[in-house]
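Asks: give me the fold of what follows.
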Amino acid sequence: MSLKIEDYAIIGNTCTVALVGLNGSIDWFCVPRFESPACFAALLGTEENGRWLIAPKGEVKRTRRRYRDDTLILETEFETADGTVAVIDFMPIRERPNQVDIIRVVEGRAGRVPMQMEAVFRFDYGHVVPWVTSQPGGLRAIAGPDAIKLRTSVKMRGEDFRTKAEFTIAKGQTLPFILTYYPSNEAEPTNKHAIQMLKETEAWWREWSGRCTVKGEWRDPVMRSLITLKALTYGPTGGIVAAATTSLPEKIGGERNWDYRICWLRDSTFTLYALSIAGYHDEAKAWRQWLLRAIAGEPAKMQIMYGLRGERRLPEWAVPWLPGYEKSAPVRVGNAAHEQFQLDVYGEVMDSFYAGRKQALEPEPEAAAVENALMEFIETAWKEPDEGIWEVRGPRRHFTHSKMMAWVAADRAVRLIEKFGNPGPVDRWKKLRDEIRADVLGRGFNAERKAFVQFYGSDLLDASLLMMPLIGFLPANDPRVLSTVAAIERDLMSDGLVKRYQSHPEIEGLPPGEGTFLACTFWYADNLALAGRHDEARTVFERLLSLRNEVGLLAEEYDTAGKRLVGNFPQAFSHVSLINTAHNLSLAGGPAKARAT
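Replies: As a prediction, the model looks like this:
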């Protein structure tokens, strides 16, 4: 039986990540490689796909876990009848390219606790069983391009293609296990001092988190979300993946299982705001530079997502030998949506350039030329149907949100000229801005429904239209916005949380069924705050905070019937939205209002 998604915590080194279960098992470990979107090993779900367990042998009375203050060092403490033991998990910041370490330090805290270790090494999404060789002080597992070195003083044995060990830890004792991934054609990594690396890693994270400028009542959840974003950042390029995992289902047992180990352009403005308003200008600059490199080229061929290094080919394929998380199949690698046309990302990119200038980031030399090239494309492309923000796999349509974001592109182009002196035909783009606005107001609002609707001519609701006041298209107290929010409250909410849209198989091209969408619920709280409903906004925000697991992490969605997190985990979009909404509720105006001026 799989652990629940909320039973996991993340560790990482700004190059890759691992997910650690509440039971002491690491069930997911991926290493970026050029030939795939993100990884060489994908383990989550069942031990046949790979795992690395370190836990007490007997019954565990109580389990507690926490991160060490503002770091990514995880402590899981097990209390048993024999005593208390902690497993301290972390990943040192990498020492050389293509090398990744996971260090697990077992620490006796009371009594004498019998322990067990079991390692099931699998490469290539559980398909490849490596050749394991015992060596002095540990073992090596190797297959094709990949190799793993596991070092420990504990005596290990092979059994049924597993590596096992038993040992006892007493109060005051520490026992490290060091696992290192490295390319098999390179020299084996040198010996490391685990406790020294623990000290260095803790100091690194404390220095990084110490740069945060956020204060106030929600400082702790915001800080944890910022650390999570840093963990989801691929340091060599500045790209930020949407989530650490692939194919965790939006509905348990369903097929809405997508690969999110990819960088979405849509996240760009949200992320840039979240980083810069918290004092992390270097990270914001790195993200913007990644964005410029990724989209370089012909505007008509700009994608909605790219790989960690800016790769454009992200072919989607199913992994037939994996059963999926709780039998949720298929398991997917890559994402076919990278070939879709989504008009809204042009608005998001233009908004991110504008946001960067407003946040006093130095302009990039190429930015103005890129902005003008994008606008020349938008001048005609905005009239075309697209697949929309939710990447439907049905026919293209004239999605209202997409047109609204085309207006954002024109509006930000005008503002970049008027406020920052960018070159460009300002009168022409003002006329374009007015034309798109009139089109959205005339065709996107359904008078009978008393709401802006998902696409022109539809009567279906879509929570993406909660973005209207956040991006400055209409004020939050406009009667049409207020009636749209009221319709969403009536028809898109479940147990106080917001669904993305009203499901319709012909539109989506997929079977119905998913959880409530956490980012949309944060946007709902933003709308309440901007409309003056501050107490209600705080109640919604506090409810969202309560959905985090005990170490402060959120997935993409929440299943209100099953009372559990669903979707990929941890989800950058959810944590970015948490950061921005906390600012909206605690500052005068916040980024939501600032984004619109």
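Asks: number of nearby residues for Arg543?
Replies: 15 (other CB atoms under 10 Å). Backbone N, C-alpha and C define where each C-beta goes, glycine included.
Asks: whoops, Arg261 was the one
Replies: Neighbour tally, Arg261, other CB under 10 Å: 28.
Asks: need the helices for the stretch 151-300 of the chain, in chain order.
Replies: Under the criterion DSSP state H, counting those that start in this stretch, the stretch 151-300 of the chain carries helices at the ranges 194-209, 219-231, 268-276, 281-295.
Asks: okay, the angle between the third one and helix 219-231?
Replies: Relative orientation of helix 268-276 with respect to helix 219-231: 120 degrees, computed using axes from the mean of the first three to the mean of the last three CA atoms, to 10 degrees.
Asks: thinking again about what came up before, right, so the helices of the stretch 151-300 of the chain: which one is the most enclosed?
Replies: helix 268-276 (a mean of 26; mean count of other CB atoms under 10 Å).
Asks: for that helix, output the C-alpha coordinates as CSV.
Replies: The C-alpha trace of helix 268-276 is given here as CSV (Å, rounded to 0.1, in the frame of the first residue of the first chain):
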residue,chain,number,x,y,z
SER,A,268,7.1,33.1,-14.9
THR,A,269,5.4,36.2,-13.6
PHE,A,270,4.0,34.6,-10.4
THR,A,271,7.4,33.2,-9.6
LEU,A,272,9.3,36.4,-10.4
TYR,A,273,7.0,38.3,-8.0
ALA,A,274,7.2,35.7,-5.3
LEU,A,275,11.0,35.7,-5.4
SER,A,276,11.6,39.4,-5.8
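Asks: can you map out the helices along the stretch 401-550 of the chain?
Replies: Going by DSSP H, counting those that start in this stretch, the stretch 401-550 of the chain shows helices at 426-443, 479-491, 505-508, 518-530, 534-546.
Asks: re the thing from before, who wins for proximity to Arg396 among the helices of the stretch 151-300 of the chain?
Replies: Judged by CB to CB, the one of these that comes nearest to Arg396 is helix 281-295, at 21.3 Å.
Asks: average pLDDT across the following helix or strand past the closest one?
Replies: Past helix 281-295, further along toward the C-terminus, the next helix or strand under DSSP states H and E is strand 305-306. Averaged across strand 305-306, pLDDT comes to 94.
Asks: ok, strand 305-306: who's next to it in the sheet?
Replies: strand 263-264 (antiparallel) (DSSP bridges).
Asks: on that earlier part again, would you format the helices of the stretch 151-300 of the chain as JSON lines with mean pLDDT and distance to Val440 included?
Replies: Compiled in JSON lines, the helices of the stretch 151-300 of the chain are given as follows (pLDDT from 0 to 100; distance: least, CB to CB, whole Å):
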{"stretch": "helix 194-209", "mean pLDDT": "96", "distance to Val440": "41"}
{"stretch": "helix 219-231", "mean pLDDT": "97", "distance to Val440": "32"}
{"stretch": "helix 268-276", "mean pLDDT": "87", "distance to Val440": "19"}
{"stretch": "helix 281-295", "mean pLDDT": "91", "distance to Val440": "25"}
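Asks: with distance to Val540 added, can I get the ones you listed in CSV?
Replies: Shown next, in CSV, are those (distance: least, CB to CB, whole Å):
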stretch, distance to Val540
helix 194-209, 27
helix 219-231, 14
helix 268-276, 18
helix 281-295, 27
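Asks: compare those helices and give me the one nearest Ser352.
Replies: helix 268-276 (4.1 Å).
Asks: neighbouring contacts of the closest one?
Replies: 225-226, 229, 240, 281, 283-284, 287-288, 291, 348-349, 351-352, 355-356, 359, 361, 572-573, 576-577, 579-580, 591, 595 (CB atoms under 8 Å, 6 or more residues apart in numbering).
Asks: ok so, going back, what's the closest of the helices of the stretch 151-300 of the chain to Leu441?
Replies: Checked against CB to CB, the stretch from the helices of the stretch 151-300 of the chain lying closest is helix 268-276, at 22.8 Å.
Asks: gap between the two ends of stretch 161-181?
Replies: 19 Å (CA to CA, to the nearest Å).
Asks: my bad, should have said stretch 208-228
Replies: Span of stretch 208-228 from end to end, CA to CA: 12 Å.
Asks: same question for stretch 116-135.
Replies: 20 Å.
Asks: now do it: distance to the chain's middle.
Replies: 28 Å (CA atoms, centre = their mean, to the nearest Å).
Asks: what's the answer for stretch 129-149, then?
Replies: 31 Å.
Asks: now that stretch: buried residues?
Replies: Pro130, Val132, Gly138, Leu139, Arg140, Ala141, Ile142, Ala143, Asp146, Ala147, Ile148, Lys149 (16 or more other CB atoms under 10 Å).
Asks: how near is Asn422 to His281?
Replies: Here the criterion is CB to CB, to the nearest Å. By it, Asn422 lies 21 Å from His281.
Asks: again with Thr133
Replies: Counting by CB to CB - Thr133 and His281 are separated by 48 Å.
Asks: with Val370 instead?
Replies: For Val370, the distance to His281 - CB to CB - is 21 Å.
Asks: do the same with Pro130
Replies: For Pro130, the distance to His281 - CB to CB - is 43 Å.
Asks: kindly report the same for Cys212.
Replies: 12 Å.
Asks: just to revisit the earlier point, now, which of the buried residues of stretch 129-149 sits nearest Ala9?
Replies: Ile148 (21.6 Å).
Asks: quickly find the element holding the closest residue in space to that closest one that isn't next to it in sequence.
Replies: Among residues not flanking Ile148 along the chain, Ala141 sits closest, at 4.4 Å (CB to CB, 6 or more residues apart in numbering). Using DSSP H and E, Ala141 sits within strand 138-143.
Asks: what's that strand packed up against?
Replies: strand 131-135, strand 146-151 (3 or more CB pairs under 8 Å, 6 or more residues apart in numbering; DSSP states H and E).
Asks: surely the residue nearest to Ile148 meets Trp131?
Replies: Yes - using CB atoms under 8 Å, Ala141 is in contact with Trp131, at 7.0 Å.
Asks: how far does stretch 425-445 sit from its chain's centre?
Replies: Distance, stretch centre to chain centre, for stretch 425-445: 33 Å (CA atoms, centre = their mean).
Asks: CA atoms only for that stretch, dumped as PDB, please.
Replies: Provided in PDB are the C-alpha atoms of stretch 425-445 (Å, rounded to 0.1, in the frame of the first residue of the first chain):
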ATOM      1  CA  PRO A 425       4.800  51.700 -31.700                       C
ATOM      2  CA  VAL A 426       2.900  52.800 -28.600                       C
ATOM      3  CA  ASP A 427      -0.100  54.200 -30.400                       C
ATOM      4  CA  ARG A 428      -0.500  51.000 -32.400                       C
ATOM      5  CA  TRP A 429      -0.300  48.800 -29.400                       C
ATOM      6  CA  LYS A 430      -2.700  51.100 -27.400                       C
ATOM      7  CA  LYS A 431      -5.200  50.500 -30.300                       C
ATOM      8  CA  LEU A 432      -4.600  46.700 -30.100                       C
ATOM      9  CA  ARG A 433      -5.100  46.800 -26.300                       C
ATOM     10  CA  ASP A 434      -8.400  48.500 -26.700                       C
ATOM     11  CA  GLU A 435      -9.500  46.100 -29.500                       C
ATOM     12  CA  ILE A 436      -8.800  43.000 -27.400                       C
ATOM     13  CA  ARG A 437     -10.500  44.500 -24.300                       C
ATOM     14  CA  ALA A 438     -13.600  45.200 -26.300                       C
ATOM     15  CA  ASP A 439     -13.600  41.700 -27.700                       C
ATOM     16  CA  VAL A 440     -13.400  40.100 -24.300                       C
ATOM     17  CA  LEU A 441     -16.000  42.300 -22.700                       C
ATOM     18  CA  GLY A 442     -18.400  41.800 -25.700                       C
ATOM     19  CA  ARG A 443     -17.900  38.000 -26.200                       C
ATOM     20  CA  GLY A 444     -16.500  36.600 -23.000                       C
ATOM     21  CA  PHE A 445     -19.400  37.700 -20.600                       C
END
